[in-house]
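Colleague: With the sequence up front, the predicted model follows.
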Amino acid sequence: AQTVTQSQPEMSVQEAETVTLSCTYDTSESDYYLFWYKQPPSRQMILVIRQEAYKQQNATENRFSVNFQKAAKSFSLKISDSQLGDAAMYFCAYREVVGGTYKYIFGTGTRLKVLA
Amino acid sequence: KAGVTQTPRYLIKTRGQQVTLSCSPISGHRSVSWYQQTPGQGLQFLFEYFSETQRNKGNFPGRFSGRQFSNSRSEMNVSTLELGDSALYLCASSPRDGYNEQFFGPGTRLTVL
């Protein structure tokens, strides 16, 4: 079974600085999707960024970018110019195809604290 | 468009009871997935419904069940509650099969005493 590992339970970053959250996954598939979701305290989970495995170019969304290393099965999230509103739980997720349907596998999350 | 809604938001039950949680997806969304979120375990996939059919099921005991109605609203039921069932239960919807994003609801916080 595919697995997603987030080895950093908690990270801290100073406001305006850059932080990188790590994620590794295990799969034998060649085509898949990877995601980073953000869950602010007591608020709904929202999509931050996604990456299609067949695309070599790293995805970017404003201050958020990924470093996708397909051979190493690594998918890290970089947050630039960190803001107080970035404080949240961040979940890395992998989407697999199961019998023609789709199933998401999530990591255990990284709690990001932003220090003023 | 209204987002994914879940009711109730908070629930307290005692061991041995059963509970039903409800999820209303975004209008037009046909796929609904359920997750259990606990500290240290992240999100564990429970099941996914599409057009009233359960298509995928996670590794949970048979006490956990669900269904989807013709209007895409979904319910999950947990029977014979155990202390370990205390968790945040999240529902997520997608407009169609293979869509590359899930839209999450606020969750139902279940506490089992």
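Modeller: Noted; the coordinates are in hand.

Colleague: Contacts only, for A:M45.
Modeller: A:Y37, A:K38, A:Q39, A:F91, B:L90, B:A92, B:F104 (Cβ atoms under 8 Å, 6 or more residues apart in numbering or on different chains). The C-beta positions use only the backbone N, C-alpha and C, and glycine is treated the same way.

Colleague: next one: A:D26
Modeller: Each residue near A:D26 by Cβ under 8 Å, 6+ apart is listed here: A:Q2, A:T3, A:V4, A:T5, A:K73.

Colleague: Now for the last one, how many residues are close by?
Modeller: In other words, A:K73. When neighbours are defined as other Cβ atoms under 10 Å in any protein chain shown, A:K73 has 16 of them.

Colleague: residues from chain B in reach of chain A?
Modeller: Contacts of chain B with chain A, taken as Cβ under 8 Å from any Cβ of the partner chain, map to B:3-4, B:33, B:35, B:40-45, B:48, B:50, B:55-56, B:90, B:92, B:97-98, B:100-102, B:104-107.

Colleague: Let's check: the centremost residue of chain B is which one?
Modeller: For chain B, the residue sitting closest to the mean C-alpha position, by Cα atoms, centre = their mean, is B:W34 at 3.3 Å.

Colleague: Chain B: strands as residue ranges?
Modeller: Using DSSP state E, the strands found in chain B span residues B:5-7, B:10-13, B:19-24, B:31-38, B:42-50, B:53-57, B:64-68, B:74-78, B:87-94, B:103-104, B:108-112.

Colleague: helices or strands next to the lowest-mean-pLDDT helix or strand in chain A in the packing?
Modeller: Least confident helix or strand, chain A: strand A:101-106 with a mean of 88, by mean pLDDT, DSSP states H and E. Contacts defined by 3 or more Cβ pairs under 8 Å, 6 or more residues apart in numbering or on different chains; DSSP states H and E place strand A:101-106 against strand A:3-5, strand A:88-98, strand B:42-50, strand B:53-57.
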